[in-house]
Structures are given as structure tokens and as C-alpha cells.
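Engineer: Quick one: sequence and predicted model below, then my questions.
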Amino acid sequence: MEYLGKLHETVVKFPQTDIWMDSCGAEELDFGMQRGISGATSNPVIIGGVIKKELPECEKRICRLIETMPNASEDDIAWALMYEISGERSAKLLPVFEKHAGKKGRLSLQTNAKNYRNSERMLEQAKVIHALAPNMQVKIPATAAGIRAMEEATYAGISINATVSYTVPQYVAVAEAVERGLKRRKEEGLDTDKMSPVCTLMLGRLDDWVKADSSSKGMVLNADAANWGGVAVCKEAYRLYKERHYTTRILTAAVRNSYHWSEFIGGDICQTINYSWYKKLNNSDVSVEERMSIPVKEEYLTELMKSEEFRKSFKEDGMTVQEFDKYGAVRDTLSGFIAGYDELCALIRKYMI
């Protein structure tokens, strides 16, 4: 068989290892669908990039929404636009969704990051996103309030995608919240067969945070070990998920190097990869072989354990749920997501005023 790059080879040889596209852009989805992707992720930052790339068409959408929603705020228009694009683009994945009875083929859309402290608002918006299309998945941040919202969303029949997550304590809390929600549904005789929750592990952002924190404290981590933190946390979370038979699957994201793809080949795992890295990895000389079962070198773990922030992320008891919101990588990512959302609103404002 002739493979269309290394990521296509991955999904053909290891169908349990799903590759997703970290975008809902038309070009990106079409490219990925030809190469076997089974899902896609988006958020206001990603959609903002799609809008800029597809601006001639999106300008027409924005102007139409402004005209047909005369009393709407820029926030209302921004979300109406994101809902419209997401609902439309989810149709590209619908054949995969139908083929796999809901277990694959979903498009994730994130709730408003500004509501990260308010479980009720996140749940309310999750229900709106869920209703956009049969194969929608709702991204909720793994904050203290987000964990509560995930249980309630799962109980409501919504497939969640936990985001802004970096640590084993978060992954366990997410999985347990989903299990509670599923248990409540089953006890009431409600269907759970087509639900497919995932928990995102933002590999590169964790590595970025551990490196930055170590540097700020005058520490110098071994350069090789410093690039394995996210991989180590993911493999530890994966071990716990398999031992405990959680329904939730792990989804890796925020690729910074080839390890962030190659080390998970062969695992029952999802990987969302942005368009730029998708093409880089496709053209790499890394062999496509099973590596999920290969542990991170002990010498790397020993080096990484010098970092308090890594220890918090790696150990199951490294943090309490109440401490999630204050973890450095969580703070940095939420700030970035909110800034990206504000940038999108500013773009809408130019057309409104």
C-alpha cells in the first residue's frame, strides 16, 4: 500500500491510534480526511485563524450575521459565527462518526474560556454546542469548576473533551467525573453507547511551562530530558486509565517535537496535530512502529523530578482539584485562550462599528 505520509501510515498500521486535525479549516480537514483522520479540534483561537485564512468568505458571514441580529453584541456575533462554522465543518467528519457508531468522527468546540470558574455557564453553553450537530464534542477546561461541569455534561449525554489539562491529577479527576456522569445516566436507563469522551494532554505546553519555571528558579534541566516531560506524564496517565478501565480516552495535543507523535504509536489513544506539524511529521524519517509500551528513560525521569512543577504534574497526588486553576500551565493557557477570543471579538467589532 502506498501511504500518504507517516501519519496516514500510522492510522493504517495501528487503527487504535487515532489521528485528528487540530483545526476546523476547510483545507485542513480535506487534507486530513484524505489521510485517515478520525476527529478534529477547535476553539476560538483556532477558529480565529480559520476566519483570517478564509476571510473573503467569512466577511460575508460576519456581515450577514450583523444584519440579521440587529440587537446582538460582538460576543453574540462571534459565537454565532463559531457555531455556524463548527456545525458546517462537522459534516465533513459525519461519515466517520456514522461508520464508528459515534466513537470516532467528532469535531470539538470549546466553551468560552472566560467562564472557567463558572460550571453552570459552561454547562449551559455545552448544551448549545452539543445541539449543533450529532457529532459535536464539547471542550471544557479541567479547572475545579470545569470538573463539575464535565460530570453534569456527561450526565446530559454530552461527549466532553477536557482541555487546559497537563497533569495526572487532572486526568484522573476528569475520568472520574465522566464515570460518575455515565453511572447516573445508566441508572436512569439513558443511552451511553455512542458517547466518546476524551481528555486532552497538552504535551508541548507542559514542556514549555516546566522549562520556563525551571529557568526562572535558576535551574538548568538536561536538554534531552526537558523534552520528555509531556511524554512521561501522558504515559503515566495512560497506564492509570488502562488499569482502571476508564471510559475516557487520552487525546494528545500541542506538538513541539516528533516524540509527541512517535512515542504514542500503537496506543489506544487520540492525537490532534495542527496542519503545520502534520506536514512536518508526514515528511519525517521517523519509523512508524509501536512505542506506546516503551517507558521514558529512568535517567530522564530522575532529571525531570528535580522540577517541583513536573512532580505536581506526574504524581497522582501532586495537586488537589482546588489547586488546578493555579497551576502555571493552566494560567498561561487560559490567558492565551481569553486573549485569542478577545482578538476575535475585536475583528467582529471592526465590521459592527
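Structural biologist: It's in.
Engineer: now the residue positioned nearest the centre of the chain, which residues is it bridged with?
Structural biologist: Residue closest to the average C-alpha location in the chain (CA atoms, centre = their mean): Thr200, at 4.4 Å. For Thr200, the beta-bridge partners under DSSP bridges are Leu251.
Engineer: quick one, what contacts it?
Structural biologist: 41, 139, 161-163, 165, 251-253, 272 (CB atoms under 8 Å, 6 or more residues apart in numbering). (Each C-beta comes from the backbone N, C-alpha and C, glycine too.)
Engineer: pretty sure Ala113 contacts Val330?
Structural biologist: No. Using CB atoms under 8 Å as the test, Ala113 is too far from Val330 to be in contact (10.9 Å).
Engineer: what sits in contact with each of these two?
Structural biologist: Contacts common to Ala113 and Val330, judged by CB under 8 Å, 6+ apart, are 141, 164.
Engineer: so Ala144 makes contact with Phe324?
Structural biologist: Yes. Under the criterion of CB under 8 Å, Ala144 makes contact with Phe324 at 5.6 Å.
Engineer: of those two, who's got more company?
Structural biologist: Phe324 (24 against 18; other CB atoms under 10 Å).
Engineer: Quick check: that one vs Arg117, distance?
Structural biologist: 11 Å (CB to CB, to the nearest Å).
Engineer: gap between Ala80 and Ser73?
Structural biologist: 10 Å.
Engineer: what's the answer for Lys183, then?
Structural biologist: When distance is defined by CB to CB, Lys183 is 39 Å away from Ser73.
Engineer: How about Val12?
Structural biologist: Separation of Val12 from Ser73 (CB to CB) stands at 47 Å.
Engineer: again with Met352
Structural biologist: 9 Å.
Engineer: try Val231
Structural biologist: Distance from Val231 to Ser73, by CB to CB: 43 Å.
Engineer: Also Thr252?
Structural biologist: Distance from Thr252 to Ser73, by CB to CB: 36 Å.
Engineer: between those two, which one's more packed in?
Structural biologist: Thr252 (25 against 13).
Engineer: now the more buried one, nearest residue through space, not along the chain?
Structural biologist: Among residues not flanking Thr252 along the chain, Gln271 sits closest, at 4.8 Å (CB to CB, 6 or more residues apart in numbering).
Engineer: got a list of what that neighbour touches?
Structural biologist: 17-20, 251-253, 261, 264.
Engineer: Residues in contact with stretch 214-233: which ones?
Structural biologist: 166-168, 201-207, 210-211, 254, 256-257, 259-260, 263, 296-297, 299-301, 303-304, 306-307, 309-310, 313-314.
Engineer: And the buried ones among those, selectable in PyMOL?
Structural biologist: Here is the PyMOL command that selects the buried residues among these (16 or more other CB atoms under 10 Å):
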select buried, resi 166+167+168+201+202+203+204+205+206+207+210+211+254+257+259+260+263+296+300+301+303+304+307+309+310+313+314
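Engineer: where exactly do the strands run in the stretch 1-150 of the chain?
Structural biologist: Taking DSSP state E, counting those that start in this stretch as the test, the strands found in the stretch 1-150 of the chain are 17-21, 39-41, 106-110, 136-141.
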